[in-house]
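*Asks:* Sequence and predicted model, in that order:
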Amino acid sequence: MNNVQLVLDSFKDIKFDNNIIHSDHGSQYSSIEFTNMIKENGCQQSMSRIANALDNRCVEFSFSIFKTELIAKLDFEKLTFKELKQEIEKWINYYNFERIQKKLDSIIGQIILQNIANHVDVFYTQKKNDAFYKCLELHNDDYDFLVGVGGDGTINEIISALVTHDISIPLAILPGGTVNDFANHLHLPTSTDKFIKLLKQMNVIQVDVGQVNDRYFANVIAGGMFSDISFQVSKSEKEKFGPLAYYVTGIRQLPAQLSTNLHLHIKTETTEFEEDARLFMITNTSQVGGFKDITPHANIQDGQLDLLIIRKCSPTDMLSLFKDYTQNQHEASRFVHYIQAKDITIECDKNIVYDIDGEEGTHFPIHVTVKKKALQVIVP
């Protein structure tokens, strides 16, 4: 039970040093006992304004990450208090010095100190398409390499600009988004030391990029069941809850999503067919939405795209299909149609919103092709 005595007991072993103690307006924190304890220890009490939840946002945001990234992964039955304290201290150090928001200055400094480059220009994006338009200004002799920091949407903007203007400057990607499918497929590092090592080794490969109508994608195009979740989740929700935000939104819409029914007409360079489907995806990599090996034969250097269709089936069949996926057997399921092709046209009986690397597409029909080895990427 969360009462005044519980709060006082929780604070009794803390070594105060002119701290600011912030809380909401709960009765425990506004009690005489608690406020006196704060004063007696030379601390300052801070409270959110009444009916203004934004005052608590910073601490609540930190605690939501703390619970998701650490607490949920610990086995409290096997931990001593001392070990728990050590785990928390390790996480706090990681949060303050290793997370993407804190490591950029360190990376820039290391780039200079280790003579990887003698000059660094930094551009911060403020809104959608900032990265795209900035990269459109580039010329091949402007830089030795580029570093893109962000999630799949930001990386899509950078790649789209580079391919649009046929810019061959090698791109290093520092994953900083919610899911980071493209970066994870390439096994790109997230720690400062490993990222600097990546830049020093400068192992550059040429990879394929997909094109849908007049736009490009590095990872996936998807339409149908759950494919519109990524752009329904707000930036603040993604910052606060991470990947969990997608799952919660999907669960809320589960009945409607499971009733999705599309009639597709598909034409490739070698075949033509129709399907009643729940979902389709055209991938350049094997990882989609954080799920690995969705399209197990995908290879970003083979000059082909992978088309996977989930046929119309019942919710029970969907559960069976998910079980097959967990056992890497979904490709053989009768509810899956999986092919590879270089040129794919899809017509749909419904003008649904489809997904392009986490952003909204435009309209059907869609014509999808592959630009073979159109992008230079720095990999481990």
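*Replies:* Arrived safely, thanks for sending. Quick caveat: nothing in here was measured; it's all calculated off a predicted structure. Numbering: from 1, shown residues only.
*Asks:* Can you give me the distance of M202 to L171?
*Replies:* Note on M202: its distance to L171, by Cβ to Cβ, to the nearest Å, is 12 Å. (Glycine included, C-beta is placed from N, CA and C.)
*Asks:* Looking at the two now, which is surrounded by more residues?
*Replies:* L171 (21 against 12; other Cβ atoms under 10 Å).
*Asks:* how about the more buried one, phi and psi?
*Replies:* The phi/psi pair for L171 (degrees, to the nearest 10) reads phi -110, psi 130.
*Asks:* Next, show the common contact partners of M202 and L171.
*Replies:* F145, I378 (Cβ atoms under 8 Å, 6 or more residues apart in numbering).
*Asks:* What pLDDT is listed against K240?
*Replies:* On the pLDDT scale, K240 is placed at 49.
*Asks:* ah, wrong one, I meant I294
*Replies:* Looking at I294, the pLDDT reads 90.
*Asks:* so it sits right up against T283, yeah?
*Replies:* Yes. Contact criterion Cβ atoms under 8 Å: I294 and T283 qualify, at 6.9 Å.
*Asks:* Overlap in contacts, these two.
*Replies:* With Cβ under 8 Å, 6+ apart, I294 and T283 have common neighbours L308.
*Asks:* could you pull out the helices for the chain?
*Replies:* Assigned helices in the chain, in chain order: 4-11, 32-40, 57-69, 81-97, 100-113, 130-136, 152-164, 181-185, 192-201, 235-241, 244-252, 254-258, 315-326 (criterion: DSSP state H).
*Asks:* Ok, which of those comes nearest V220?
*Replies:* helix 181-185 (7.1 Å; Cβ to Cβ).
*Asks:* count of residues packed around I309?
*Replies:* So I309, with other Cβ under 10 Å, has 24 neighbours.
*Asks:* For it, give me its contacts.
*Replies:* L264, I266, E275, A277, L279, F280, V336, H337, Y338.
*Asks:* Nearest spatial neighbour of D306, chain-adjacent residues omitted?
*Replies:* Distance criterion Cβ to Cβ, 6 or more residues apart in numbering; nearest residue to D306, sequence neighbours excluded, is T295 at 3.8 Å.
*Asks:* what's the answer for G303, then?
*Replies:* With Cβ to Cβ, 6+ apart, the residue lying closest to G303 is K372, at 4.2 Å.
*Asks:* Please work out how many residues are found near the one you found.
*Replies:* K372: 14 neighbours (other Cβ under 10 Å).
*Asks:* Next: P365.
*Replies:* Counted with other Cβ under 10 Å, P365 comes out at 11.
*Asks:* Quick check, it in contact with E347.
*Replies:* Yes. With contact defined as Cβ under 8 Å, P365 counts as touching E347 (4.4 Å).
*Asks:* what about stretch 275-283, average pLDDT?
*Replies:* 91.
*Asks:* Summarise which helices and strands the longest strand anywhere in the chain is packed against.
*Replies:* Using DSSP state E to define each element, the chain has its longest strand at strand 366-379. Helices and strands touching strand 366-379, by 3 or more Cβ pairs under 8 Å, 6 or more residues apart in numbering; DSSP states H and E, are helix 152-164, strand 171-175, helix 192-201, strand 203-212, strand 343-348.
*Asks:* Format these as CSV; extra columns: mean pLDDT and distance to K78.
*Replies:* Formatted as CSV, the helices and strands packed on strand 366-379 follow (pLDDT from 0 to 100; distance: least, Cβ to Cβ, whole Å):
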stretch, mean pLDDT, distance to K78
helix 152-164, 91, 36
strand 171-175, 92, 31
helix 192-201, 91, 29
strand 203-212, 95, 40
strand 343-348, 94, 50
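*Asks:* Dump the ones you listed to JSON lines, plus distance to P315.
*Replies:* Below are those laid out as JSON lines (distance: least, Cβ to Cβ, whole Å):
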{"stretch": "helix 152-164", "distance to P315": "29"}
{"stretch": "strand 171-175", "distance to P315": "34"}
{"stretch": "helix 192-201", "distance to P315": "42"}
{"stretch": "strand 203-212", "distance to P315": "30"}
{"stretch": "strand 343-348", "distance to P315": "22"}
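*Asks:* Alpha carbons of stretch 194-209, as CSV, please.
*Replies:* Taking Å, rounded to 0.1, in the frame of the first residue of the first chain, the C-alpha atoms of stretch 194-209 are listed here in CSV:
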residue,chain,number,x,y,z
LYS,A,194,32.3,0.1,-32.0
PHE,A,195,31.0,2.9,-34.1
ILE,A,196,34.4,4.7,-34.2
LYS,A,197,35.9,1.3,-35.1
LEU,A,198,33.4,1.0,-37.9
LEU,A,199,34.6,4.4,-39.3
LYS,A,200,38.2,3.6,-38.9
GLN,A,201,37.9,0.3,-40.8
MET,A,202,35.8,2.0,-43.5
ASN,A,203,34.5,-1.2,-45.0
VAL,A,204,32.1,0.1,-47.8
ILE,A,205,29.6,-2.1,-49.6
GLN,A,206,27.1,-1.3,-52.3
VAL,A,207,23.5,-2.2,-51.5
ASP,A,208,20.3,-2.2,-53.4
VAL,A,209,17.5,0.3,-52.9
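*Asks:* what does that stretch rub up against?
*Replies:* 107, 110-111, 114, 116, 145, 147, 159, 163, 170, 172, 174, 188-189, 216-218, 284, 300-304, 370-380.
*Asks:* Under the pLDDT cut-off, which ranges of this protein? List them.
*Replies:* Along the chain, the model assigns pLDDT under 70 to residues 1-2, 48-59, 61, 95-102, 178, 225-259.
*Asks:* Could you chop it up by domain?
*Replies:* 1-47, 216-370 (automatic domain parsing).
*Asks:* now the end-to-end length of the last one.
*Replies:* For domain 216-370, the first and last residues are 9 Å from each other (Cα to Cα, to the nearest Å).
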